[in-house]
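Visitor: Can you look at this prediction? I've put the sequence above it.
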Amino acid sequence: MGNADYECPHRVEIPPSKPFFKALKSSLKETFFPDDPFRQFKNQPTSRKLVLGLQHFVPILEWAPSYTFDFFKSDLIAGITIASLAVPQGISYANLANLPPIIGLYSSFVPPLVYAMLGSSKDLAVGTVAVASLLISSMLGKVVSPIENPKLYVQLALTSTFFAGAFQASLGFLRLGFVVDFLSHATIVGFMGGAATVVCLQQLKGVLGLIHFTHETDVVSVMKSIFSQMHEWRWESAVLGCCFLFFLLLTRYFSKRKPAFFWINAMMPLCSLILGSLLVFLTHAENHGVQVIGHLKKGLNPPSMSELAFGSPYLSTAIKTGIITGVIGLAEGVAVGRSFAALKNYHIDGNKEMIAFGMMNIAGSCTSCYLTAGPFSRTAVNFNAGCKTAVSNIVMATAVMITLLFLTPLFHYTPLVVLSAIIMAAMLSLIDYKAMIHLWKVDKVDCMVCLSAYFGVVFGSVEIGLVIAVTVSLLRVLLFVARPRTFALGNIPNSSIYRSIDQYPVANNIPGVLILQIDAPIYFANANYLRERISRWIYEEEDKIKSSGETSLHYVILDIGTVGSIDTSGTTMLEEVQKNVDSKGLKLVIANPRSEVIKKLEKSKFIEKIGREWIYLTVAEAVSACNFMLHTCKPKPGEIETNRQDGNV
């Protein structure tokens, strides 16, 4: 590019400063209210604002007036379908959490009613989840035995549910939903897969008819417990369990091959309970080593507010269990809700979902329920059954209510081995090996996060796996912040576009000019690294020029167009880079500064030090100015700026 290419550059404007409180308000709004939830209240009368406020916090008031009979027919079918899955899953997952089976049924009655009023998802089906059940069992079981002290164990489970709900609701009211975002997709895939593996292994207790079993969740302890009791294995139970597991997996495979018959897979758990109960009743298998549920009392959820163990010496364990299970429940529920909302092209409010989850768990803890969320399996059945609104949850809760009032005696002969088979069939679908392979192909680091979560759960514990996964994810974020990438840019032939030379090998270097792009905000965490990295770029460029005998280096252009923000450490770093460049007889040029960055540079007096004439709107203009200077006599300091202002350059 020669002198003929040089045109009068555009001046880089410094935006006017905002008052402190106005800037703070804007920053807080962007952080906590990116969706601007108050826009609907603007220019509305007080009465209308009250109605909109109620509809905002109780979404059922918004869509109920337009509810139609056609919607109800679809929701009725979907609700009955998921109820057939909710009953066996409720009993099974309560058994997994070492809680009385009736609590699993209670948990499918009150929470869905609360969610139907407060939730923003049309498809999410509320109920107990396996991973949370496993967490409750593993964490509370370490301090209180569910066999030796069942009453205290149930009280702690209810208390942890209360704290889970309080934590979830707090995140929603304070609009701190981004906390859940620290559980990345890779973390959830690995964690769920590891938990599913552990759950499947633990169900071998029910399949083999074992009475005594380890409370540890790692694979070594579980396998040791299984093989150390080979003399107590019950072949009757094992045969029954394998048959039902094969039956459930076969129907799932058939349903996947023929999606129109999804209801077969949805009905099979309930059919398995009925068939297993009839088989035990007719053959008296309970007298031959097949364990059964036993008596389930009739009646709706008894109040349990007085059972919350706020004065227990194990309160800290209950709080920790509640927070961890609350986060896992939120992550799974919100992710599932968003996935199905995307399929129907509507949006769910993450903060509303957190409030809904929190309130339903608080209400549940006061009505003999343990932690509930939005399980994928039940939601998928609800979606495929053609649900239109959250009324399907109300229909499901009604069906469970009828079961609690009239049908609980029918579950007396239900074999525990069938519950184990139902859990294993559900858990095998959570081991998403295809997602792990996809992560490996797309992002090796994400795959390592996934595998660390998986192996942490399988060989350590659920808590260890979660801590490892979150730690690795945070380290990755810190690594990206502390070690941002820098690129050398070149000119795309026959254009004024400048791109990375690594990405575009056809891009040409500009003789005498080194163009660098910084690809991240500049903070105290990466300022020192960037200073050293820029110095290294300069050393390498000078060595390359010397070895090739090309034109010596004269200018270093920093393209900071992707630098969204900068702190005082960053401005200090730029000053040090300028001094280093000046000491080598070179000139530092800044291109494409953003609004927030140029304000900080102006306030820190960096612009005065470098000279306003060395700051350009684009890389192309900066290169043109450098080429102009290289092909003409070097003017006195400030002359370029004067010429720019006068239009004489």
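Guide: That came in fine, so what should we check first?

Visitor: Domains in this structure, by residue range?
Guide: Residue ranges for each domain of the chain read 61-476, 483-632, as given by the TED database.

Visitor: ok, and what's touching stretch 558-578?
Guide: The contact list for stretch 558-578 (C-beta atoms under 8 Å, 6 or more residues apart in numbering) reads 489, 498, 515-524, 527-528, 530-531, 534-535, 588-594, 596-597, 600-601, 604, 606, 609-610, 619. Bear in mind the C-beta positions are built from the backbone N, C-alpha and C, glycine included.

Visitor: Give me the buried subset of the residues you listed.
Guide: Using 16 or more other C-beta atoms under 10 Å as the burial test, the contacts of stretch 558-578 include 489, 498, 515-518, 520-523, 527, 530-531, 534, 588-594, 597, 600-601, 604, 606, 610, 619 as buried.

Visitor: hey, where'd the helices end up in the stretch 451-600 of the chain?
Guide: 462-482, 527-548, 568-583, 595-603 (DSSP state H, counting those that start in this stretch).

Visitor: elements contacting the shortest one?
Guide: I take that to be helix 595-603. On a contact count with 3 or more C-beta pairs under 8 Å, 6 or more residues apart in numbering; DSSP states H and E, helix 595-603 meets helix 568-583.

Visitor: per-residue confidence at Tyr616?
Guide: Here the pLDDT value assigned to Tyr616 is 92.

Visitor: Can you name the helix or strand that the residue lying closest to it once chain neighbours are set aside falls in?
Guide: Closest residue to Tyr616 apart from its sequence neighbours, by C-beta to C-beta, 6 or more residues apart in numbering: Ala622 at 4.0 Å. Following DSSP states H and E, one finds Ala622 within helix 619-630.

Visitor: send the alpha carbons of that helix over as CSV?
Guide: The C-alpha trace of helix 619-630 is given here as CSV (Å, rounded to 0.1, in the frame of the first residue of the first chain):
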residue,chain,number,x,y,z
VAL,A,619,-6.6,-1.3,11.3
ALA,A,620,-6.7,-0.3,7.6
GLU,A,621,-6.5,3.4,8.5
ALA,A,622,-3.7,2.7,11.0
VAL,A,623,-1.7,0.8,8.3
SER,A,624,-2.3,3.5,5.8
ALA,A,625,-0.9,6.1,8.2
CYS,A,626,2.1,4.0,9.0
ASN,A,627,2.8,3.4,5.3
PHE,A,628,2.4,7.2,4.7
MET,A,629,5.0,7.9,7.4
LEU,A,630,7.3,5.2,6.0
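
Visitor: elements contacting it?
Guide: Identification of packing neighbours for helix 619-630 by 3+ C-beta pairs under 8 Å, 6+ apart yields strand 498-500, strand 513-518, strand 555-559, strand 587-591.

Visitor: Tell me the gap between the last one and the middle of its chain.
Guide: In this case it means strand 587-591. Distance of strand 587-591 from its chain centroid, counting by C-alpha atoms, centre = their mean, to the nearest Å, is 41 Å.

Visitor: and the angle for that strand with strand 555-559?
Guide: Here strand 587-591 points in a direction 20 degrees away from that of strand 555-559 (axes from the mean of the first three to the mean of the last three C-alpha atoms, to 10 degrees).

Visitor: For strand 587-591, give the mean pLDDT please.
Guide: Here the average pLDDT along strand 587-591 is 93.

Visitor: Identify the neighbouring strands of that strand in the sheet and state each direction.
Guide: strand 555-559 (parallel), strand 615-616 (parallel) (DSSP bridges).

Visitor: same deal with the second one?
Guide: Each strand that pairs with strand 513-518, with its direction, by DSSP bridges: strand 486-491 (antiparallel), strand 555-559 (parallel).

Visitor: hang on, the earlier thing: which one of the helices of the stretch 451-600 of the chain lies nearest to Ile14?
Guide: Closest to Ile14 of the helices of the stretch 451-600 of the chain is helix 595-603 (C-beta to C-beta; 5.0 Å).

Visitor: next helix or strand past that closest one?
Guide: In N-to-C order, the element after helix 595-603 by DSSP H and E is helix 606-610.

Visitor: who's in contact with that following helix?
Guide: Residues contacting helix 606-610 (C-beta under 8 Å, 6+ apart): Ile14, Thr571, Leu574, Glu575, Gln578, Leu588, Ile590, Ile598, Leu601, Ile615.

Visitor: any idea how far the second one is from Tyr529?
Guide: Read that as Thr571. Distance from Thr571 to Tyr529, counting by C-beta to C-beta, to the nearest Å: 16 Å.

Visitor: Please apply the same query to the last one.
Guide: To Tyr529, Ile615 is 24 Å away according to C-beta to C-beta.

Visitor: got it, and the fourth one?
Guide: Here the distance between Glu575 and Tyr529 works out to 16 Å (C-beta to C-beta).

Visitor: So between those two, which is more surrounded?
Guide: Neighbours around Glu575 and Tyr529, counted as other C-beta atoms under 10 Å, are more numerous at Glu575. The numbers are 18 against 14.

Visitor: give the contact list for Gly337.
Guide: Gly337 sits next to Ser120, Ser121, Asp123, Leu124, Ile348, Glu353, Gly374, Thr379 when contact means C-beta under 8 Å, 6+ apart.

Visitor: can I assume the first one is in contact with Tyr346?
Guide: No - here Ser120 lies out of contact with Tyr346, judged by C-beta atoms under 8 Å, at a distance of 9.1 Å.
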